[in-house]
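Asker: No sequence on hand, only this structure:
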């Protein structure tokens, strides 16, 4: 139920950061690139 209300708030405020902060909620964070995994070495 709470997730639905948060999505509703994001939709109604059009993801406007100041409006969402008034509700105690922030906009969706941008994704950060993951570190590249190390490659196996020949033994």
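Answerer: Here it is on my side, so go on. These numbers come from a predicted model, not from an experiment. Numbering: from 1, shown residues only.

Asker: For residue 37, list the residues it contacts.
Answerer: Neighbour list for residue 37: empty [criterion: C-beta atoms under 8 Å, 6 or more residues apart in numbering]. In short, each C-beta sits where N, CA and C put it, glycine included.

Asker: In this protein, where is pLDDT below threshold?
Answerer: 26-28, 43 (pLDDT under 70).

Asker: Check it for its longest helix and report it.
Answerer: If you go by DSSP state H, the chain has its longest helix at helix 2-12.

Asker: any idea how far the next helix or strand after it is from the chain center?
Answerer: Next along the chain after helix 2-12, taking DSSP states H and E as the criterion, comes helix 17-22. Centre-to-centre, helix 17-22 and its host chain are 14 Å apart (C-alpha atoms, centre = their mean, to the nearest Å).

Asker: Residue 9 is in contact with residue 22, isn't it?
Answerer: No. Contact between residue 9 and residue 22 fails when scored by C-beta atoms under 8 Å: they sit 10.0 Å apart.

Asker: between these two, which one's more packed in?
Answerer: Using other C-beta atoms under 10 Å as the criterion, residue 9 and residue 22 rank with residue 9 on top: 16 against 10.

Asker: need the contact list for the more buried one.
Answerer: Residue 9 neighbours (C-beta under 8 Å, 6+ apart): 20, 23, 25.
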